Structures are given as C-alpha cells and as structure tokens.
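Visitor: next one to model:
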Amino acid sequence: MNVAITDGMMNGMDAEWLALIVEAKALGISKETILDFLHQTKLEMY
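Guide: Numbering: from 1, shown residues only. I've put the predicted structure just below:
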C-alpha cells in the first residue's frame with residue numbers, strides 16, 4: 001500500500017504516530033477508526 005506523505009503532514013505530526021497510522025491502514029483499519037482512536041487518546045492524555 002502506498003501512502004503519500006506531504007511536507008505538511010510531517011511538520012504537523014510526529015513520525016512515530018505517522019508510522020502507526022500507515023501500519024493500521026495496511027492492516028485494513030479504516031481512516032475513520034484511526035481518527036476516532038487518535039481523538040480519544042488525545043483527550044485521555046490531557
């Protein structure tokens with residue numbers, strides 16, 4: 001699976017998170033599910 005990574009994505013996102021997202025997409029996890037997880041995780045961190 002090829003995922004285009006733009007400069008804006010790299011500037012606004014930690015490389016480890018990006019790697020996890022790419023891996024999740026390769027496993028067939030939907031974009032919406034990934035975004036929901038990231039949103040929940042972000043809320044729990046604060």
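Visitor: residue 24 sits in which helix or strand?
Guide: According to DSSP states H and E, residue 24 maps onto helix 15-26.
Visitor: and that helix, what does it pack against?
Guide: When contacts are defined as 3 or more Cβ pairs under 8 Å, 6 or more residues apart in numbering; DSSP states H and E, helix 15-26 sits against helix 31-45. Every C-beta, even on glycine, is put in place using the N, C-alpha and C of the backbone.
Visitor: can you do 10 Å?
Guide: Judged by 3 or more Cβ pairs under 10 Å, 6 or more residues apart in numbering; DSSP states H and E, the packing partners of helix 15-26 are helix 7-12, helix 31-45.
Visitor: and the ones you listed, which one's lowest on average pLDDT?
Guide: Comparing mean pLDDT over those, the weakest stretch is helix 7-12, at a mean of 60.
Visitor: buried ones in the helix holding residue 24?
Guide: Of the residues in helix 15-26, those buried under the neighbour-count criterion (16 or more other Cβ atoms under 10 Å) are residue 21.
Visitor: state the mean pLDDT of it.
Guide: Helix 15-26 shows a mean pLDDT of 84.
Visitor: alpha carbons only: can I get it in CSV?
Guide: Coordinates of the C-alpha atoms in helix 15-26 are reproduced here as CSV (Å, rounded to 0.1, in the frame of the first residue of the first chain):
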residue,chain,number,x,y,z
ALA,A,15,6.9,10.4,12.7
GLU,A,16,6.0,7.6,15.1
TRP,A,17,2.3,8.4,15.0
LEU,A,18,2.5,8.6,11.2
ALA,A,19,4.1,5.1,11.1
LEU,A,20,1.4,3.7,13.3
ILE,A,21,-1.3,5.2,11.1
VAL,A,22,0.3,3.8,7.9
GLU,A,23,0.6,0.3,9.6
ALA,A,24,-3.0,0.4,10.7
LYS,A,25,-4.2,1.3,7.2
ALA,A,26,-2.1,-1.6,5.8
